[in-house]
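K.L.:
Kindly generate the corresponding structure for this input.
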Amino acid sequence: MKRSIVTILVVVAVLFSSALVVSASTPEDAKALALKALAFYKANGKEKAIAAFNDPKGEFVKGDMYVVIQAFDGIVVANGGNPKLVGMNHLELKDAGGNYFVKEQIEAAKKGGGWVTYQWVNPVTKKVGTKKAWIQRIEGTEMCINCGVFE
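P.N.:
Residues are numbered from 1 along each chain as shown. Presented below is the predicted three-dimensional model:
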């Protein structure tokens with residue numbers, strides 16, 4: 001009986017510590033993943049990049065971080081957090097705080113890239129939280145890559 005309780009406690013401790021590691025991403029981690037995705041896009045082309053970014057079990061999804069490609073007209077081109085969103089127009093989408101965060105992301109990309117902060121549902125905790133995303137224009141296109149992290 002004692003062994004069973006100890007085993008259960010160890011399993012719970014491992015799961016809890018794993019959850020902490022998964023959600024312990026930093027803004028610099030998000031920026032690094034976005035820049036890695038941008039380099040992958042440049043090296044492999046649009047089609048291969050979109051397939052890689054839309055793979056929820058691929059190298060561009062890490063815990064609560066995932067890569068998104070957003071066209072400047074608002075159409076979602078890739079979304080590793082929820083590939084079902086591909087093809088949808090999010091230009092008029094508001095975050096939980098009522099801000100047009102996609103428009104803000106596109107404007108940041110047009111200015112060369114940068115950070116955009118907004119309120120969004122964390123795919124790990126399923127709760128609304130503050131997300132900080134690095135936005136980077138894909139040179140020569142009317143699209144941007146972004147990746148964010150919950151603070």
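
K.L.:
Assign a three-state SS to residue 126, would you?
P.N.:
Under DSSP: H, G, I helix; E, B strand; the rest coil, residue 126 falls in the coil class.

K.L.:
Next, find the distance separating it from residue 50.
P.N.:
26 Å (Cβ to Cβ, to the nearest Å). Quick note: C-beta positions are derived from backbone N, CA and C, even for glycine.

K.L.:
Same check on residue 39?
P.N.:
Relative to residue 50, and taking Cβ to Cβ, residue 39 is found at 15 Å.

K.L.:
For the host helix or strand of residue 29, give the mean pLDDT please.
P.N.:
Assigned by DSSP states H and E, residue 29 falls within helix 27-44. For helix 27-44, the mean per-residue pLDDT is 97.

K.L.:
So which bits of whichever helix or strand comes after that helix are buried?
P.N.:
As assigned by DSSP H and E, the chain's next helix or strand after helix 27-44 is helix 46-53. By neighbour count on 16 or more other Cβ atoms under 10 Å, the buried set for helix 46-53 is 49-50, 52-53.
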